[in-house]
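# Sequence and predicted model, in that order:
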Amino acid sequence: ITVKWLDKLPDLQAFSLTVNPGSPIVGQSSTFVVGIKNIGTDTATGPFDVDFYVHGSKIGTKTVRSLSMGRVTYQSYSKTVTSGAGPHKVKVVVNESKTPKELGYANNTIEKTFNWGNVPKPDLVVSLMTTVPYSPVVGRSTTITAVIKNQGSKGIGAGVPAFYVRFFINGKQVDQQSKY
């Protein structure tokens with residue numbers, strides 16, 4: 001029988017990577033959270049870094065003082081992604097400097113692609129327009145009513161005013177109303 005004795009060393013495993021909010025939005029802060037477990041045979045003493053990357057560019061670093069054998073830590077880093085909607089590759093590397101020494105380094109990196117959405121915006125359309133009387137007569141008063149529908153992904157915020165409704169006849173503006 002051959003017995004192989006392992007060194008008494010830590011082994012830092014990056015085992016989970018999430019982003020909060022779960023549906024991140026371009027231009028709004030997102031927090032990346034990585035789960036790290038010491039699956040080795042000793043405590044990881046001395047500080048080690050946790051490096052966060054988006055599309056291969058380092059966006060930040062967190063430092064962990066130590067991690068006991070069998071213990072888990074969650075490290076987070078917040079960043080506002082501004083490079084556009086769509087998929088973004090996020091990578092986290094634990095102990096990239098290889099200090100402290102570990103049993104192995106193959107499990108120190110975790111990478112995932114998350115999909116960033118556009119900033120939700122309102123999209124206002126005229127869904128119905130009526131006149132009273134139904135057949136307007138030149139020289140007589142006519143009431144024009146427009147029903148505005150928001151078909152966008154965000155409501156209209158409180159504002160003074162939130163938006164204007166302008167009425168035109170033959171290309172000439174005849175009225176304007178503000179909506180709050």
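That came through fine.
# what residue lies at the spatial centre of this structure?
Pro24 (2.0 Å; CA atoms, centre = their mean).
# What sits closest to that residue if chain neighbours are left out?
Using CB to CB, 6 or more residues apart in numbering and skipping the chain neighbours, the partner closest in space to Pro24 is Ser30 (4.2 Å). In this view, the C-beta of every residue, glycine as well, is placed from N, C-alpha and C.
# Same check on Lys98?
In space, Lys98 is closest to Tyr105, 6.4 Å off (CB to CB, 6+ apart).
# That neighbour reaches Thr99, doesn't it?
No - assessed by CB atoms under 8 Å, Tyr105 is found out of contact with Thr99, at 11.4 Å.
# more neighbours, the two?
Tyr105 (15 against 11; other CB atoms under 10 Å).
# Can you report how many residues neighbour Val125?
The number of residues near Val125, taken as other CB under 10 Å, comes to 10.
# low pLDDT regions in this protein?
3-6, 155-162, 180 (pLDDT under 70).
# again, 80 this time
Residues of the chain meeting the criterion pLDDT under 80: 1-6, 119-123, 152-163, 178-180.
# Checking the residue nearest to Lys98 next. Helix, strand or coil?
Of the three states, Tyr105 takes coil under DSSP: H, G, I helix; E, B strand; the rest coil.
# how close does it sit to Pro21?
Going from Tyr105 to Pro21 by CB to CB, to the nearest Å gives 32 Å.
# picking that back up, the residue nearest to the centre of the chain contacts Gly117, correct?
Yes - Pro24 is in contact with Gly117 according to CB under 8 Å; the separation is 7.1 Å.
# Counting neighbours, what do you get for the nearest residue to Gly40 once chain neighbours are set aside?
Leaving aside its chain neighbours, Gly40 sits nearest to Asp11 (3.3 Å; criterion: CB to CB, 6+ apart). Residues lying near Asp11 (other CB under 10 Å) number 21.
# Wait, Lys121 touches Gly27, no?
No - counting by CB under 8 Å, Lys121 stays clear of Gly27, with 11.6 Å between them.
# I appreciate the help and will end here.
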